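**Q** model this:
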Amino acid sequence: MHFGLVDEIIVPSCIIGLLAALVQFLIIKKISLDPEKQELSTSLTGEVPEKLVPEIYAKIMDGAIQFLKVEYAICCLFCLAFSLVIYFLVSWGTHSSTQGALTAGAFLTGAFTS
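**A** Okay, here's the model as predicted:
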């Protein structure tokens, strides 16, 4: 079986990714989730005056909106950068810039509609 340069890049990259995922799994696995060992904050156990509820709601909503804005900006930058990688690799592998553009376009269409 003959492997090209692209296969020699993809296979080791996949192996490295799987090893990184395994390391992260092992780190997260060490975290204890026993509810009896968790301490509750005393400030959260008291009653909240009803006049503070709208203020708390507004702060939670503002934080969620800011988080989503940053999250979507990061996702857009990643998708654009990765579409360039797809374009160049497909164009290089197939010797057709049209095929690279169509593949990158299909990736971006799928990314932005999902």
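**Q** can you tell me how far residue 9 sits from residue 89?
**A** The spacing between residue 9 and residue 89, counted by C-beta to C-beta, to the nearest Å, is 9 Å. No exception for glycine: its C-beta is placed from N, CA and C like everyone else's.
**Q** Could you do residue 107 as well?
**A** 11 Å.
**Q** quick revisit: neighbour-wise, which of residue 9 and residue 89 wins?
**A** A direct count of neighbours by other C-beta atoms under 10 Å for residue 9 and residue 89 places residue 89 higher, at 16 against 11.
**Q** List the residues that contact that one.
**A** 6, 100 (C-beta atoms under 8 Å, 6 or more residues apart in numbering).
**Q** what's the spacing between it and residue 110?
**A** In terms of C-beta to C-beta, residue 89 sits 17 Å off from residue 110.
**Q** How about residue 12?
**A** 26 Å.
**Q** Kindly report the same for residue 72.
**A** For residue 72, the distance to residue 110 - C-beta to C-beta - is 16 Å.
**Q** Quick one: name whatever helix or strand follows the helix or strand hosting residue 11.
**A** Secondary-structure assignment from DSSP states H and E places residue 11 in helix 5-29. Heading C-terminal from helix 5-29, the first helix or strand you meet, by DSSP H and E, is helix 53-94.
**Q** other SSEs contacting the helix or strand just after that following helix?
**A** Going down the chain from helix 53-94, the next helix or strand is helix 97-113, by DSSP H and E. Contact here means 3 or more C-beta pairs under 8 Å, 6 or more residues apart in numbering; DSSP states H and E; on that basis helix 97-113 packs against helix 53-94.
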